[in-house]
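Peer 1: this one's sequence-less:
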Ligand code: ZN
């Protein structure tokens, strides 16, 4: 019989937020339990640092420019159709798996092939005024209960592919709304995390315009204008709180699975996240438009029979999930997948050799459109935006905090040319029409002196209808 597969998906978790990747502040005993004895991949990137496009990409193994799922909104399909790529759910269902999904969908139609549980809520009492709860947390409460009920009643004898799609720590987005603008500090009784080393953004004037004005296009960043450094530390404290809620939910799911006999002795467990969170780096909250490590680099941990525990560093993409699960289960992968099969690396082999991994940005809701691409090699990261031909180049060996944009530095001209050529090659090979895309941003969203703290008033998504 084929191995069971359990996917634990979190929402908005930067790789370095987890103790498995060295974090000493997070309290995530259940995720640590899963990571212990597992293989942590260090160097996994999301193909699009935003919920729906990332999910549509990893459920199909295709880049967002192929799925056409380019925003979080509902009207992302300009031609009204989703390309008929086989999905992970369809392939595993056809191969004899029972494929079930619980929790956050936000998939743009790419969860085809999964039986998806309804997305309902179970309201819970908040633990402290510093940590308001919203539907993100309430939906996780329901997801955990639904998985428990399902497992208790399960009589299906097929191998199981179960996805537990946990929304937290995404509740941090609502936290920003509850704490917008100038506001006093609140003592929650929990320690305040330190600000990250790259909290300041001294060279914002030398960044692409879309990044400079993220405050005007992302309502959460607009709401953070006026915050003190202490407020940003409170943001981090709340982020870790919501991460602990995700951990608790994951622990309940693991317990429910174990009670029914699904353990790493007989099932492959995968822990991952759709994208990261800026975590106060460069004075940013949440995520939008940028490709910095905090937003694009995510945890990816495997644990199961035959998985050699430890850590492996290399260039990996969430697009690798689909071919890796196929490889692990001995199911032929459909043609045209953009990722690589990591399954040999799980049992002791090397990660696939790769020149680079890529990520994409288009728009969050459609109010402003800022097409961008990221190319990440072993040492460098290059980003390119259509608006103003904005570019960034980072030497991540010398500058892991991405605080020095080398794109205008004459001493880096050779590397810049190489990275530009690599992007061109990537665009050709993946039939990406990036160069012909257009940016859209009303002058209202490009007007104030550069600097997120100079933002005043609302941001673009608060004005009207998405397009
Ligand atoms: Zn602004």
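Peer 2: Received, thanks. Quick caveat: nothing in here was measured; it's all calculated off a predicted structure. Numbering: from 1, shown residues only.
Peer 1: Okay, and the residue in the stretch 301-450 of the chain that the ion sits nearest to sits in which element?
Peer 2: Nearest residue of the stretch 301-450 of the chain to the ion (C-beta to the ion) works out as residue 448 at 5.5 Å. No exception for glycine: its C-beta is placed from N, CA and C like everyone else's. Here residue 448 is covered by no helix or strand, with elements defined by DSSP states H and E.
Peer 1: Tell me the pLDDT of the residue nearest to it when sequence neighbours are not counted.
Peer 2: In space, and not counting its chain neighbours, residue 448 is closest to residue 454: 4.9 Å by C-beta to C-beta, 6 or more residues apart in numbering. pLDDT, residue 454: 94.
Peer 1: likewise residue 126?
Peer 2: For residue 126, the model assigns a pLDDT of 82.
Peer 1: OK, contacts around it?
Peer 2: Counting by C-beta atoms under 8 Å, 6 or more residues apart in numbering, residue 126 touches 132, 133.
Peer 1: that older thread, count the neighbours of the residue of the stretch 301-450 of the chain closest to the ion for me.
Peer 2: Number of residues near residue 448 (other C-beta atoms under 10 Å) recorded here: 17.
Peer 1: Look up how far residue 40 lies from it.
Peer 2: Counting by C-beta to C-beta, to the nearest Å, the separation of residue 448 from residue 40 is 42 Å.
Peer 1: The residue nearest to residue 448 contacts residue 447, doesn't it?
Peer 2: No: contact criterion C-beta atoms under 8 Å: residue 454 and residue 447 do not qualify, at 10.1 Å.
Peer 1: With residue 63 as the reference, measure out to residue 374.
Peer 2: For residue 374, the distance to residue 63 (C-beta to C-beta) stands at 12 Å.
Peer 1: And for residue 421?
Peer 2: Distance from residue 421 to residue 63, counting by C-beta to C-beta: 19 Å.
Peer 1: Same drill for the two, tell me which one is more crowded.
Peer 2: Each of residue 421 and residue 63 has its neighbours counted (other C-beta under 10 Å); residue 63 has more, 22 against 11.
Peer 1: Show me the strands in the stretch 351-467 of the chain, by range?
Peer 2: Assigned strands in the stretch 351-467 of the chain, in chain order: 357-361, 372-376, 380-385, 391-395 (criterion: DSSP state E, counting those that start in this stretch).
Peer 1: Redo these as JSON lines? Include distance to residue 98.
Peer 2: Supplementary listing: the strands of the stretch 351-467 of the chain in JSON lines, determined by distance: least, C-beta to C-beta, whole Å:
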{"stretch": "strand 357-361", "distance to residue 98": "32"}
{"stretch": "strand 372-376", "distance to residue 98": "36"}
{"stretch": "strand 380-385", "distance to residue 98": "40"}
{"stretch": "strand 391-395", "distance to residue 98": "44"}
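Peer 1: of all those strands, which lies closest to residue 109?
Peer 2: strand 357-361 (18.5 Å; C-beta to C-beta).
Peer 1: who does the closest one touch, helix- and strand-wise?
Peer 2: Secondary-structure packing of strand 357-361 (3 or more C-beta pairs under 8 Å, 6 or more residues apart in numbering; DSSP states H and E): strand 310-317, strand 372-376.
Peer 1: Indicate which one of those is closest to residue 196.
Peer 2: Closest of the helices and strands packed on strand 357-361 to residue 196 is strand 372-376, at 19.7 Å (criterion: C-beta to C-beta).
Peer 1: That closest one - what's its average pLDDT?
Peer 2: pLDDT averaged over strand 372-376 gives 98.
Peer 1: Output the contacting helices and strands for it.
Peer 2: By 3+ C-beta pairs under 8 Å, 6+ apart, strand 372-376 packs against strand 357-361, strand 380-385, helix 413-429.
Peer 1: Quick check: neighbours shared by residue 374 and residue 63?
Peer 2: Residues within reach of residue 374 and of residue 63 at once, by C-beta under 8 Å, 6+ apart, are 358, 360.
Peer 1: Same question for the lengthiest helix in the chain: list its buried residues.
Peer 2: For the chain, the longest helix by residue count, based on DSSP state H, is helix 229-259. Buried positions in helix 229-259, judged by neighbour count with 16 or more other C-beta atoms under 10 Å: 231-254, 256-257.
Peer 1: can you tell me how far residue 40 sits from the ion?
Peer 2: Going from residue 40 to the ion by C-beta to the ion, to the nearest Å gives 37 Å.
Peer 1: and that residue, what does it touch?
Peer 2: Listed by C-beta under 8 Å, 6+ apart, the contact set of residue 40 reads 20, 21, 299, 300, 301, 310, 311, 312.
Peer 1: so can I have JSON lines of these showing pLDDT?
Peer 2: Shown next, in JSON lines, are the contacts of residue 40 (pLDDT from 0 to 100):
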{"residue": "20", "pLDDT": "98"}
{"residue": "21", "pLDDT": "98"}
{"residue": "299", "pLDDT": "98"}
{"residue": "300", "pLDDT": "98"}
{"residue": "301", "pLDDT": "98"}
{"residue": "310", "pLDDT": "96"}
{"residue": "311", "pLDDT": "97"}
{"residue": "312", "pLDDT": "97"}
